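Peer 1: Okay, predicted coordinates and the sequence, questions at the end:
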Amino acid sequence: MNRGPAKQTMGRAATAVSALLAAVIHLAPAATAQDAVARGKYLVGIAGCNDCHTPGYFLGKPDMARYLGGSEVGFEVPGLGVFHGPNLTPDKDTGLGGWTDEQVIAAVTQGKHPSGRELAPVMPWHAFATLTPDDQKAIVAFLRTIPAVSNKVPGPFGPSEKPTGFVLRVVPPQQ
């Protein structure tokens, strides 16, 4: 069957458009993933996660080589104990590397550890509870990209246990 030159040209054009469309569809998720990571980095920065989760921050010398690798300084909350900002890096043994995305989101937005225990009251999850689902996923996407740091933080320590590191004490006002 002999196709005319116009039909051959249209066929080649349709093939080229299909190939271009397939390439764009294939590349679109990568651009979206990059955007999510950038958004997550921005949100982690403005939320101040670095403050409680980066070694050295509370001692005036943040160790950015261990960014979000967990704090050596704990918060004492009277009657509850001492809590250290944990390792948020993707380290499988001491960080979030063994957590699912849903578990990370539950910790950030509901104050729930995968074990079922409630996170320390100094974790401002109430402030993050209204993050949009896209922002929640962006934070997780960013945390998955930072270098893994092997750093098991001390604690948590109950009210009758002796902490093993530096402690910032939260003192309620005198009544």
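Peer 2: Structure's in. What do you need? Keep in mind it's a predicted model, so treat the numbers as computed, not measured.

Peer 1: and Ser160, how far is that from Ala148?
Peer 2: Between Ser160 and Ala148 the computed distance is 34 Å (Cβ to Cβ, to the nearest Å). (C-beta placed from N, C-alpha, C; glycine too.)

Peer 1: out of the two, which sits in the busier spot?
Peer 2: More neighbours surround Ala148 than the other of Ser160 and Ala148, with 17 against 6 (other Cβ atoms under 10 Å).

Peer 1: just to confirm, which helix or strand has Asp35 in it?
Peer 2: Using DSSP states H and E, the element containing Asp35 is helix 5-47.

Peer 1: what does Val167 give?
Peer 2: strand 166-169.

Peer 1: Check Arg144 too.
Peer 2: Going by DSSP H and E, Arg144 is in helix 133-145.

Peer 1: for that helix, which positions count as buried?
Peer 2: Within helix 133-145, the residues that count as buried by 16 or more other Cβ atoms under 10 Å are 135-144.

Peer 1: next helix or strand past the lowest-mean-pLDDT helix or strand in the chain?
Peer 2: Across the helices and strands of the chain, mean pLDDT, DSSP states H and E gives its lowest value to helix 5-47, namely a mean of 65. Going down the chain from helix 5-47, the next helix or strand is helix 49-53, by DSSP H and E.

Peer 1: going on from that following helix, what's the next piece of helix or strand?
Peer 2: Beyond helix 49-53 toward the C-terminal end (DSSP H and E), the next one is strand 73-77.

Peer 1: elements contacting the helix or strand just after that following strand?
Peer 2: Per DSSP H and E, the first helix or strand lying C-terminal to strand 73-77 is strand 81-84. Applying 3 or more Cβ pairs under 8 Å, 6 or more residues apart in numbering; DSSP states H and E, one finds that strand 81-84 contacts strand 73-77.

Peer 1: Just checking: what are the partner strands of the strand it packs on?
Peer 2: Sheet pairing of strand 73-77 (DSSP bridges) gives strand 81-84 (antiparallel), strand 166-169 (parallel).

Peer 1: residues making contact with it?
Peer 2: Applying Cβ atoms under 8 Å, 6 or more residues apart in numbering, the contact partners of strand 73-77 are 52, 57-59, 82-84, 120-122, 154-155, 157, 163, 165-170.

Peer 1: Using PyMOL, make a named selection holding only the buried ones among those residues.
Peer 2: The buried residues among the contacts of strand 73-77 can be selected in PyMOL (16+ other Cβ under 10 Å) with this line:
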select buried, resi 52+57+58+82+83+84+120+154+155+157+163+167
